[in-house]
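In: Mind looking at a prediction? Sequence and model below.
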Amino acid sequence: MVYSRDNPFPAKLKSRVRISGTGSEKNVQHLVFDIAGSDMVYKCGDSIAVLPKNSIVDVAEILDLLKIQPDTAVEIPGARKRISIFSALYEHFCITNLPRKFLEWFAATMTDSDEISHMDGRILCADDECKIAAKLHSLLEMLKKFRALRRVDAQEIVANLNKLMPRLYSIASSPLANSNEVHIVVNVVSYVNFIGNTRHGIASTYLANDMNIGADTANVFIVSSMFAMPTDVSAKIIMIGPGTGVAPFRGFLQERQCLEHRGERIGSSWLFFGDRNYETDFFFRDEFLNFKDSGILTNLHLAFSRDQEKKIYVQDRMWENREELWSWILDDAYIYVCGNASNMAVDVGNVLKKIAMEVGNFDEARAGEFFKSLRRSRHYQMDVY
Ligand SMILES: Cc1cc2nc3c(=O)[nH]c(=O)nc-3n(C[C@H](O)[C@H](O)[C@H](O)COP(=O)(O)OP(=O)(O)OC[C@H]3O[C@@H](n4cnc5c(N)ncnc54)[C@H](O)[C@@H]3O)c2cc1C
């Protein structure tokens, strides 16, 4: 059976453990899903898509403010399907980041200009500011702020919301080591928005707080990825994965350990991991140190940015080890980068180029072309988000 967004598998949450230590600024959790009874298959490097649910408390408060019965039927726009307004707001539509169409509809519908001016004029402003307001207000915040909005009917609300999208999580297990299980690592999103309210990420909060262990199921499906281990198990691998970016590499190392136990000759592997503090943010510390002790992991280099005055990142550790790193690259090693898209992947790319120029004596153009060709031959792969 092929599972998909329209036909997901209900996977039971088997276990959930916080892996960021007490005192960490982050809340990072390791979750295990039971996929027994499905014929779901995955390989190391794939992701699992989770269909999240909104906060049930927020949905109840919204319906209360709207004075709408939870079983009031609404039609899903474009789908010719009728569901209850409760189900629509709980599991089908996004009620946190409101889209621009919602604000435009709101501005066109409301007549009480006094109320609207409470929003610092944003809603009536030119395009850019309208967009800012759309991104930053939740439905509940809007209903609390604008009494006039509480007069609209259920169908109008639903027609102006966006669908709730699946969220992807890198799989942190090898199917060889964990049959019938999918492991993930979730950084729980939480921040204070511009009006001073604490906002929680929908999917990460649903997974880390709302689901009951051993009882609840999440609707999931596998998303196959090009981010994959080399078919030649004796090939060298260089894994660069700070933060939750380390997730797939736990799977890679589990897989290599299983293959070695089966008698295969596995290649050398090198992990660059980093986060803020060694004591609280070295996720799966015992496992990675054991992989190192047993030789599954040949090199382990760590960068904890906040443990000393000068911040140290994975790319600094790569630079410190540039001679050996370059020799691995020339020896056909596969380079994998996973994690934060905004800075880390670019910084890692820049340091690789710098190493090619400094150690390999390449000029800038040749270094750029060299890594482009590694991308083409799948020797340099990225999974960044
Ligand atoms: C291929 C892939 C693999 C991934 N793997 C992982 C993984 O292994 N682990 C993991 O934790 N995540 C992973 N992610 C990210 C994950 O899919 C979700 O995006 C993440 O969990 C947040 O979803 P959410 O529903 O909790 O947050 P949402 O409700 O979607 O909220 C997130 C949004 O909140 C806003 N926001 C967040 N922080 C702030 C802030 N400080 N200030 C202002 N606004 C802010 C931003 O607009 C952000 O887009 C992956 C993504 C992809 C595409």
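Out: Yes, it's here.

In: Close to the ligand: what parts of the stretch 151-300 of the chain are there?
Out: Counting by Cβ under 6 Å from any ligand atom, the positions of the stretch 151-300 of the chain adjacent to the ligand are 167-170, 184-187, 189, 191, 201-204, 244, 247. C-beta here means a position set from N, CA and C on the backbone, and glycine is covered the same way.

In: now do 8 Å
Out: Applying Cβ under 8 Å from any ligand atom, we find that the stretch 151-300 of the chain lies next to the ligand at 167-170, 172, 184-193, 199-207, 223, 225, 244-245, 247-248.

In: Tell me which helix or strand Ile184 sits in.
Out: Per DSSP states H and E: Ile184 is located in strand 181-187.

In: which residues does Asn54 contact?
Out: Residues in contact with Asn54 (Cβ atoms under 8 Å, 6 or more residues apart in numbering) are 89-91, 94-96, 164, 202, 206.

In: Then Asp153?
Out: By Cβ under 8 Å, 6+ apart, the contact list for Asp153 reads Ile68.

In: Run through the residues that contact Ile213.
Out: Per Cβ under 8 Å, 6+ apart, neighbours of Ile213: 13-16.

In: Tell me, how many residues neighbour the residue in the chain that the ligand sits nearest to?
Out: Of all residues in the chain, Gly201 sits closest to the ligand, at 2.3 Å by Cβ to the nearest ligand atom. Using other Cβ atoms under 10 Å, the number of residues around Gly201 comes to 18.

In: Let me see the backbone angles for it.
Out: phi -60, psi 140 (degrees, to the nearest 10).

In: pLDDT weak spots in this structure?
Out: Where the chain drops to pLDDT under 70, the residues are 111-136.

In: Give me the longest strand you can find in it.
Out: Counting residues, the longest strand found in the chain (DSSP state E) is strand 9-18.

In: Which other helices and strands does it contact?
Out: strand 28-34, strand 217-223 (3 or more Cβ pairs under 8 Å, 6 or more residues apart in numbering; DSSP states H and E).

In: what about that strand, near the ligand?
Out: No - shown here: strand 9-18 not in contact with the ligand (Cβ under 8 Å from any ligand atom), separated by at least 13.1 Å.

In: So Lys236 versus Glu255, what's the distance?
Out: Counting by Cβ to Cβ, to the nearest Å, the gap from Lys236 to Glu255 is 15 Å.

In: Comparing these two, which residue is more hemmed in?
Out: Using other Cβ under 10 Å, the more surrounded residue of Lys236 and Glu255 is Glu255, with 22 against 19.

In: okay, now the domains of the protein?
Out: As given by automatic domain parsing, the domain ranges for the chain are 9-52+166-223, 56-159, 237-384.

In: So what would you say the end-to-end distance of the longest one is?
Out: Looking at domain 237-384, the gap from its leading to its trailing residue is 18 Å under the measure Cα to Cα, to the nearest Å.

In: I am finished for the moment; much appreciated.
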